[in-house]
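**Q** Any chance you could fold what I've pasted below:
(chains A and B)
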Amino acid sequence: MKVKSQQDWWAGLMFIAIGLFFIVVAAGTPEFINKMVGSKLIPGYQMGSSVRMGPAYFPVVLGGILAVLGLLVLLDSIVEKGPDVAKFHFRPLIFIAISSLAFAYLLKPLGLALASIILVFISAYGGHEFKWKEVAIMSVVLVIFSIVVFVKGLSLPFPVCPSFVDVCPIR
Amino acid sequence: MEGIFGNLAIGFTEVFKLQAITIAGMTMTLPFNILMCLIGVLLGTLIGVLPGIGPVATIAMLLPVTFNLAPIAALIMLAGIYYGAQYGGSTTAILVNLPGESSSVVTCLDGYQMARRGRAGPALATAAIGSFFAGCVATMVVAMFAPPLAEVALKFGPAEYFSLMVLGLVAAVVLAAGSLIKAIAMVILGLLLGLVGTDVNSGVLRFAFGISEMADGIGFVTVAMGMFGICEIIANLEQKEKREVFTSKVGSLMPTRDDFKRMVAPILRGTVLGSCLGILPGGGALLASFGAYTLEKKVSKNSHEFGKGAIEGVAAPEAANNAGAQTSFIPLLTLGIPSNAVMALMIGAMMIQGIAPGPQVMTERPQLFWGMIASMWVGNLMLVILNLPLIGMWIKLLTVPYRYLYPSILLFMAIGVFSISNQPFDCFLMAMFGLLGYVCVKLGCEPAPMILGFILGPLMEENLRRAMLLSRGDPWVFISPSKPISMGFLIASVLLLVIIALPALRKKREEVFVEEPKA
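**A** Numbering: from 1, shown residues only, chains lettered A, B, ... in the order given. Just a heads-up that it's a prediction; the model follows:
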């Protein structure tokens, strides 16, 4: 047995895993695992009947379908030739993710202005070219723009200045 | 007919209504809705011109901004973005051979060739005229067909709705490139993710893992921005930037008399075809433009010129994609079923505004319904008047490097998502969905079907539960002769699946045949 389509192989595995995950969380861990562990590992939700469906019913059915579809894709990957998984580019992936997280968790302590500058710098670093001067100008322009549009124009309740600054010139 | 015009009159008064608006502490009386329409079409054209940001990501980005607007203003603006993007996309297709939108891929074929021969102006004008004409007709089509359809839909019970959603989702799979099974799997994944949060019937918290922010479910905006916005940025950063503006001058815009003669029939055909394909669930601008180009190539007497700068090859698909973009609002407005990812976002916008999408919107909120339809026509008019003179500016924008664009987009997305509940958690989820979207794209699974499933997940469960309760647990209720509509929908779904599967089957067999001699 040889995998002929790496792409389908991994896609199939992903769908099976997600499908099973939803089934287990919805229906609870199977009986034999519960017996082995000695307690209910994941309690799950009520299944109900087809007349009165419980909260677990629909997710379990869908999870089952997803797992079966995943299995089909998996089998297909052994039979049918297909493309390889395209190369992952980790640099943009990581920098984009980190920049949005940094913005989110720094917005309240540091204020919109600083958080925006941090986002712009980190995300710009994930690109092909990084020029200090350009990025600095861009971040200043964007900070002014977002304060004018979002804080002033749309009156979003964002702090503009860091929380440790007592007197903020812009509110 | 009289009824239609009466209704359209309601719409136009709504669109042109003067409103007292308070912006930054100042109160002004403005025709606010028309202003929103203008902003929408301009934004739409902008993103249509800029490759690398699609209408889905932009609408998702703007959804939080619309929280503070009145529902009608919000929907008018979002709709404007969608058809504005069709115009903008064709501009770049003609001038730079880069389809700004997927629906203008076919416009590249002949539009760019026309530009290379120094006829960029007439090509742009043809696209604009075709789009405008199609837009006018499609507006009428929406106005005529929406009310009777909504009336039929009002009689739908839970079984019919469930089957209709199945049909809608199956039809949406048609549009997904690549494997059929993977597209269906993505729909199911979307349905599952849509179930996260408090179950309406039992009050049980599902798949929340003790995170209190997940009690209301995963925000629609969050998912859309992650799967489309973030994912697009990462994917764009993979490639080295290369963009060349071909034309130095657009030249005279005016098409010649011969051009006019040649474009009339294709525009008419494109409009009709586009309107029909747009109504179908799963249809929309993309399908329409491809269909129209193929049809035109078959019937045109100038078919030998296609691919070398035939004006018919610009006129027909441009008319069709605009018509399709507009008529795809019909299933949304009458049935509450999205036919593509943009329409799913529109449903999201309606729900955020507290409007349950469905046939009752037309009777309960006629101003909203007809206002939106009237705004489509007004928006199209604005696009024609504004865009041709503004083409110079759009070309300049094309030269803006992506390294300036994406940090700005990212910042606006982060601000938008954060503002939903003023919690960092939503941004975290957005980043996670960005990663999921990236992985899916790498594995050849398109995210677009997922977003449809995500929107329909809770609705489908609700209708399934009700239908089963009413039928006392008999699953045959969906295909029993006593429910012919439901049965029809399900049969249509199965037929569609078979039809889609067939050519794929054939193609695969061909591939096998080609490869066999080597092995």
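**Q** Only C-alpha atoms from now on, for both contacts and neighbour counts.
**A** Will do.
**Q** okay, and for chain A, where does confidence drop off?
**A** A:1, A:40-41, A:154, A:169-171 (pLDDT under 70).
**Q** quick one: the helices in it?
**A** A:6-27, A:31-37, A:57-79, A:90-125, A:132-146 (DSSP state H).
**Q** other SSEs contacting the longest one?
**A** Contact analysis of helix A:90-125 by 3 or more Cα pairs under 8 Å, 6 or more residues apart in numbering or on different chains; DSSP states H and E lists helix A:132-146, helix B:231-238, helix B:402-421, helix B:424-442 as its packing neighbours.
**Q** relative to helix B:424-442, how tilted is the very next helix or strand once past the last one?
**A** Once the chain leaves helix B:424-442, the next helix or strand it forms, by DSSP states H and E, is helix B:448-470. Direction vectors for helix B:448-470 and helix B:424-442, defined by axes from the mean of the first three to the mean of the last three Cα atoms, to 10 degrees, enclose an angle of 110 degrees.
**Q** Any buried residues in helix B:448-470, and which?
**A** B:448-469 (16 or more other Cα atoms under 10 Å in any protein chain shown).
**Q** same deal with stretch B:473-487?
**A** B:473, B:477-479, B:483, B:485-487.
**Q** which residues are in contact with it?
**A** A:49-52, B:159-164, B:467-468, B:471, B:490 (Cα atoms under 8 Å, 6 or more residues apart in numbering or on different chains).
**Q** now do the same end-to-end measure for that stretch.
**A** Taking Cα to Cα, to the nearest Å, the first and last residues of stretch B:473-487 lie 17 Å apart.
**Q** Helix or strand for the residue nearest the centre of chain B, just tell me which one.
**A** A centroid search over chain B (Cα atoms, centre = their mean) returns residue B:342, at 3.3 Å, as the residue closest to the centre. Under the criterion of DSSP H and E, residue B:342 resides in helix B:341-352.
**Q** Check what pLDDT the residue lying closest to residue B:61 once chain neighbours are set aside gets.
**A** In this structure, residue B:61 finds its nearest non-sequential neighbour in residue B:413, 5.4 Å apart by Cα to Cα, 6 or more residues apart in numbering or on different chains. Note for residue B:413: predicted pLDDT of 84.
**Q** I'd like to know how far residue B:413 sits from residue B:66.
**A** When residue B:413 is compared with residue B:66 (using Cα to Cα), they lie 13 Å apart.
**Q** Could you check which of those two is surrounded by more residues?
**A** More neighbours surround residue B:413 than the other of residue B:413 and residue B:66, with 28 against 20 (other Cα atoms under 10 Å in any protein chain shown).
**Q** buried ones in the top helix by length along chain B?
**A** Using DSSP H, we find that the single longest helix of chain B is helix B:120-154. Judged by neighbour count (16+ other Cα under 10 Å), helix B:120-154 contains these buried residues: B:120-143, B:146-147, B:149-151, B:153.
**Q** want to throw the helices and strands packed on helix A:90-125 into JSON lines with distance to residue B:203?
**A** What follows is those, written out as JSON lines (distance: least, Cα to Cα, whole Å):
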{"stretch": "helix A:132-146", "distance to residue B:203": "39"}
{"stretch": "helix B:231-238", "distance to residue B:203": "33"}
{"stretch": "helix B:402-421", "distance to residue B:203": "21"}
{"stretch": "helix B:424-442", "distance to residue B:203": "22"}
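**Q** Can you name the residues of the stretch 301-450 of chain B that neighbour chain A?
**A** B:403-404, B:407-408, B:410-412, B:414, B:418-419, B:423-425, B:427-428, B:431-432, B:434-435, B:440, B:442-445 (Cα under 8 Å from any Cα of the partner chain).
**Q** how about the nearest residue to residue 135, chain neighbours excluded?
**A** I'll assume chain A. Nearest to residue A:135 is residue A:121, by Cα to Cα, 6+ apart, at 6.6 Å.
**Q** Chain B, not that one
**A** residue B:323 (5.5 Å).
**Q** got any ranges where the stretch 251-400 of chain B has weak pLDDT?
**A** B:251-253, B:281-285.
**Q** Mind doing that once more with 80?
**A** For the stretch 251-400 of chain B, the stretches flagged by pLDDT under 80 are B:251-261, B:277-291, B:294, B:296-309, B:337-341, B:362-363, B:386-400.
**Q** Do a quick rundown of the helices in it.
**A** B:257-279, B:285-299, B:312-327, B:329-335, B:341-352, B:360-364, B:366-398 (DSSP state H, counting those that start in this stretch).
**Q** which residue is nearest the centroid of chain A?
**A** Nearest to chain A centroid, counting by Cα atoms, centre = their mean: residue A:97, 9.0 Å.
**Q** How many residues are close by the residue in chain A positioned nearest to chain B?
**A** Closest approach between chain A and chain B, counting by Cα to the nearest Cα: residue A:51, at 4.1 Å. When neighbours are counted by other Cα under 10 Å, residue A:51 registers 17.
**Q** before we move on, what about residue A:73?
**A** Count around residue A:73 with other Cα under 10 Å applied: 28.
**Q** what about it, distance to residue B:109?
**A** Residue A:73 is 34 Å from residue B:109, by Cα to Cα.
**Q** Same question for residue B:186.
**A** 31 Å.
**Q** tell me how far the ends of stretch A:48-65 are from each other?
**A** For stretch A:48-65, the end-to-end distance is 19 Å (Cα to Cα).
**Q** Which residue, other than its chain neighbours, is closest to residue A:27?
**A** Closest to residue A:27 by Cα to Cα, 6+ apart is residue A:44, at 4.5 Å.
**Q** And residue B:398, by the same measure?
**A** residue B:50 (6.1 Å).
**Q** Tell me the confidence at that neighbour?
**A** 73.
**Q** That one: neighbour count?
**A** Neighbour tally, residue B:50, other Cα under 10 Å: 27.
**Q** correct me, but residue B:90 touches residue B:109?
**A** No - counting by Cα atoms under 8 Å, residue B:109 is not a contact partner of residue B:90; they are 11.1 Å apart.
**Q** Between these two, which has more neighbouring residues?
**A** Shown here are residue B:90 and residue B:109; by other Cα under 10 Å, residue B:90 has more neighbours (35 against 21).
**Q** Look up how far residue B:367 lies from the more buried one.
**A** 32 Å.
**Q** what does residue B:293 give?
**A** 37 Å.
**Q** Then residue B:321?
**A** 27 Å.
**Q** And those two? Which one has more around it.
**A** residue B:321 (36 against 22).
**Q** Touching, the more buried one and residue B:286? I think so.
**A** Yes - Residue B:321 is within contact range of residue B:286, at 6.5 Å (criterion: Cα under 8 Å).
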